[in-house]
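>>> Structure for the following, please:
(one chain, ligands or ions: 1)
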Amino acid sequence: MAPIVSIRNLTKSYATGFKALKGVDLDIEEGEILALLGPNGAGKTTMISIICGIVTPTSGTVTVGGHDIQQDFRRTRSIIGLVPQELTLDAFETVWNTVSFSRGLHGCKPDPALIERILKDLSLYDKKDTMLRHLSGGMRRRVLIAKALSYEPKVLFLDEPTAGVDVSLRKDMWQLVERLRANGVTIILTTHYIEEAEEIADRIGVINHGEILLVEEKQALMAKLGRKQMTVELAEPLAAIPDTLSPFGLTLSEEGARLVYEFNASGERTGISSLLAALSQAGLRVKDISTEQSSLEDIFVELVGEGK
Ligand SMILES: Nc1ncnc2c1ncn2[C@@H]1O[C@H](COP(=O)(O)OP(=O)(O)OP(=O)(O)O)[C@@H](O)[C@H]1O
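Model (predicted):
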């Protein structure tokens, strides 16, 4: 199936001369949840803003649903929903009107039943007649989401949807994302919260200094780059690692009381059983064994660190 969003050699140089995007290629498949991770200033918002037609690219092409975003702006914009990072709302309007107008602005026929359902899903229904200026920051963020959903987009961009929101909204958000996905909506979210990507994304993209460093299935990424570590606690401390154990590349810590072994969890052979046999042959008594797996956060820090 053709990707729903296709980005080719996309660059953006701002008027200051700053290159925010340096030749990005990315295909987003219909129905997937893609999390874009990147430190501040990596170019995430710039990329999303170009796809949504808010920022003009310097070069390159983007198609959404097979249509070019510049030549066919209205068409592509009508299938894209954007929940921006910043709270841009009319303070003197009510929740209901804001969300209904948004649907109208995108050329859709009024559908009060749909608006009611969206507001209920976002726990906003009891605030439907409240003016936005009387809402808390978290509630206003919910309104931004409701606005983006009001015209039933096929592709939804969430730019740091849970930055600075409380745990309950974050949980609601995740549930909502799951429901939207079940309805076939493609979701692209940018986030600083790695656990968020770990929890809900199908694929993870890492962007830094205007370049995509990688895009991978989450499971494959964790298996490929995730290292495992086994720590062996010894009954008696060692002064040095015996020569017979040198093939395992162990390190000795805690004043000789612990041996640390690093292995690749996705490899066919981890080497654990040979290590245990070698330990016993060397006459070392084992008190305890524990293993630890690197998280997506470790992987991300390593990748972004390399790019500096
Ligand atoms: N209008 C502009 N003029 C000049 N430089 C800009 C402009 N907008 C953004 N930039 C610069 O482009 C770079 C990328 O910004 P962008 O907002 O895309 O990053 P981001 O990955 O979304 O970061 P954050 O996580 O902080 O939101 C930054 O260095 C930013 O300062």
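>>> Arg140 falls within a helix, correct?
Yes: with DSSP: H, G, I helix; E, B strand; the rest coil as the criterion, Arg140 is part of a helix.
>>> And it, how far from the ligand?
Relative to the ligand, Arg140 is positioned 18 Å away (Cβ to the nearest ligand atom, to the nearest Å). Glycine gets a C-beta too; all of them are placed from N, C-alpha and C.
>>> Surely that residue and Leu89 touch.
Yes: with contact defined as Cβ atoms under 8 Å, Arg140 and Leu89 form a contacting pair (6.0 Å).
>>> shared neighbours of these two, which are they?
By the contact definition Cβ atoms under 8 Å, 6 or more residues apart in numbering, Arg140 and Leu89 are jointly contacted by Leu132.
>>> and whichever helix in the chain runs longest, what's its mean pLDDT?
Ordering each helix of the chain by length in residues (DSSP state H) puts helix 167-182 first. Along helix 167-182, the predicted confidence averages to a pLDDT of 84.
>>> Counting neighbours, what do you get for the nearest residue to Lys128 once chain neighbours are set aside?
Nearest residue to Lys128, sequence neighbours excluded (Cβ to Cβ, 6 or more residues apart in numbering): Trp96, at 4.2 Å. By the other Cβ atoms under 10 Å criterion, the neighbourhood of Trp96 contains 19 residues.
>>> Repeat that for Leu132.
The burial count for Leu132: 19, using other Cβ under 10 Å.
>>> quick thing: my sequence starts at 504, can you match it?
With the count now opening at 504, the last piece we talked about shows up as Leu635.
>>> Was I right to think it contacts Asn600?
No: between Leu635 and Asn600 there is no contact under Cβ under 8 Å: 9.5 Å.
>>> what secondary structure does the nearest residue to Met504 once chain neighbours are set aside sit in?
Spatial nearest neighbour of Met504, chain neighbours left out: Glu533 (6.2 Å); criterion: Cβ to Cβ, 6+ apart. Per three-state DSSP, the local secondary structure of Glu533 is coil.
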